[in-house]
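# I would like to see how this sequence folds:
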Amino acid sequence: MNYAAPKVFVIGLDCAEPDLVFNRWRERLPNLSRLAAAGVSGTLESTIPPITVPAWTSMMTGNDPGQLGLYGFRNRKDYSYDALYFADARYVCEPTVWDFLSRARRRSILIGIPQTYPARPLNGIMVTSFLAPDKGDGFTYPPEMAAEVDRLAGGDYIVDIKDFRTEDKPWLLEFIYTMTRRRFRVIRELLVKEPWDMFMFVEMGVDRIHHGFWRYHDPAHRLYQPGNPYENVIRDYYTYLDGEIGSLLDALPNGTVVLVVSDHGAKTMVGGIAINEWLMRNGYLELKEPPGEQAPLKYQMIRWERTRAWGEGGYYSRIFMNVQGREPTGVVSPKEYECLRDELTELLEAMTDEHGQLLGTRVFKPQAIYRECRNIPPDLIVYFGDLDWRSVGSIGSGTIYHYENDTGPDDANHAQQGLYILARTSDLGQAPYFGGKRMHRTILDVTPTLLELFGLEVPRDFSGRSFANDICA
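Numbers count the residues shown, from 1 in each chain. Next comes the predicted model:
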């Protein structure tokens, strides 16, 4: 491809749901709709698992979670039972898009991209994301940008909403809007005042409003009530975001390539499956003594010499096996390892709900879905009900099926399909209101696309494929 974009502007909307953007609310989203009409758009297959970490880093490196050695926010540090680490930027060992651009003397401005804290030097400006514990050391590069960000925001720049799982919905809604408004103020200021070749930001408000308000908007949710006061909260936030995006499009130089992406979608959460309760009932996990009430599972509670497997909670489940010669008190012999993985897979995929209906659970072996498995992968990755149900890691409830989240109220789970839109600003005036090419892509296609847009060589070992030619041919 001979085309090289003068500038590329990447709009990241964490958890943006393609059905809402492309179908249900497209007439309410004129700016996203005209971008889609001017270029190419469609669903973007997320990583397995489809969660913020590692999805955004896979998107920005062209490497799958196994190649990154990052399987979620928390990862095993070693094969002991309690050693976990939180996956911040220090554990990202593969070059990112902005690393490639810096080497080519291209300047990037980056705001809110997950897993960028602590900030590393680059040719440009970086404001890190919600994984930053505060706005102190490592929050920005260069460091003096931290104070400038507050000034540009017109107040305290809000990195994230720490307590978005709350019943105080008026407070949550106001906080989401305040956070988003201030972020867009910073974006608009830097967009016009700073030189850049690639500008990228990620807005977390979409994810937070989905988790906080999905039950109020989706008739398929078991708690939905028609005419409730929050029924249009998510729709109105999407409409507001579309207006903010429109103001950015108006400020972009003609010919800028715009890429809109989400790391995954959203869907109604039916409930939760208490994975460790299930493992106990089926004879794979034994406790020293049952807790008197529901509580997080801690390694000190487990009778390891009689335990073959244990699991973790979250939007999906990770199951670990207690293997001889690997874990400190392993009981599963290496010879029976694969047989036990197959046995667990068969039982989990046959799981039913309380009414005997098949859940439709999907189970993955990391070695079968990743190009390689660095660091310590889970032995199994489980989507309960194909992500209709989350995983509950706590024990002591006495039931496998939960309808209240053990980490606070949460209405939505992540969906496997995110979205993308790729277009040039120079084509916006020529496009019909609706239309454009619609094609399915994967999250690993994004890095090759961005590199090709800048005329940079795409590493041959990337599994993703560029779709830059879809608008540049």
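# domains of the chain?
8-269+414-472, 271-409 (automatic domain parsing).
# now those as CSV including mean neighbour count?
(Each C-beta comes from the backbone N, C-alpha and C, glycine too.) Formatted as CSV, these follow (neighbours: other C-beta atoms under 10 Å):
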stretch, mean neighbour count
domain 8-269+414-472, 19
domain 271-409, 17
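# now these in a markdown table, with mean pLDDT?
Listed next are the domains of the chain as a markdown table, based on pLDDT from 0 to 100:
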| stretch | mean pLDDT |
| --- | --- |
| domain 8-269+414-472 | 95 |
| domain 271-409 | 95 |
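# who does the lengthiest strand in the chain touch, helix- and strand-wise?
The longest strand of the chain (DSSP state E) is strand 417-424. Here strand 417-424 touches helix 18-19, helix 30-38, strand 40-45, strand 257-261, strand 265-268, helix 469-472, going by 3 or more C-beta pairs under 8 Å, 6 or more residues apart in numbering; DSSP states H and E.
# could you redo the last one with a cut-off of 7 Å?
helix 18-19, helix 30-38, strand 40-45, strand 257-261, helix 469-472 (3 or more C-beta pairs under 7 Å, 6 or more residues apart in numbering; DSSP states H and E).
# got the contact list for the most centrally placed residue in the chain?
Nearest to the mean C-alpha position of the chain, by C-alpha atoms, centre = their mean, lies T52 at 2.2 Å. T52 makes contact with D14, P114, D263 under the criterion C-beta atoms under 7 Å, 6 or more residues apart in numbering.
# Same question for N123.
Counted by C-beta under 7 Å, 6+ apart, N123 has contacts S102, R105, R106, R107, S108.
# Could you identify the most distant pair in those residues?
By the measure C-beta to C-beta, R105 and S108 form the most distant pair in the contacts of N123, at 11.2 Å.
# measure the residue lying closest to R107 once chain neighbours are set aside to G314 for me?
Leaving aside its chain neighbours, R107 sits nearest to G124 (4.6 Å; criterion: C-beta to C-beta, 6 or more residues apart in numbering). Noted for G124: a distance of 33 Å to G314, by C-beta to C-beta, to the nearest Å.
# One more: S80?
From S80 to G314 the distance is 20 Å (C-beta to C-beta).
# looking at it, P49 is touching Y316, isn't it?
Yes - P49 is within contact range of Y316, at 4.5 Å (criterion: C-beta atoms under 7 Å).
# which neighbours do those two share?
With C-beta under 7 Å, 6+ apart, P49 and Y316 have common neighbours I381.
# Can you name the residues bridging to Y141?
M126 (DSSP bridges).
# coming back round to it: what's the closest of the contacts of N123 to R424?
Closest to R424, out of all of the contacts of N123 and judged by C-beta to C-beta, is R106, at 18.2 Å.
# So which residues make contact with the top helix by length along the chain?
As assigned by DSSP state H, the longest helix anywhere in the chain is helix 169-193. Here helix 169-193 makes contact (C-beta under 7 Å, 6+ apart) with 109, 111-112, 125, 149, 152-155, 157-158, 161, 164, 166, 199, 201, 203, 205, 208-209, 212, 230, 233, 244, 247-248, 251.
# quick one: the helices in the protein?
18-19, 30-38, 52-61, 65-68, 97-103, 145-153, 169-193, 205-217, 233-251, 275-281, 337-349, 366-369, 446-453, 469-472.
# Same list, these, but as a markdown table with distance to K7 please.
Below are the helices of the chain laid out as a markdown table (distance: least, C-beta to C-beta, whole Å):
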| stretch | distance to K7 |
| --- | --- |
| helix 18-19 | 26 |
| helix 30-38 | 15 |
| helix 52-61 | 18 |
| helix 65-68 | 28 |
| helix 97-103 | 12 |
| helix 145-153 | 20 |
| helix 169-193 | 10 |
| helix 205-217 | 24 |
| helix 233-251 | 12 |
| helix 275-281 | 47 |
| helix 337-349 | 47 |
| helix 366-369 | 35 |
| helix 446-453 | 10 |
| helix 469-472 | 14 |
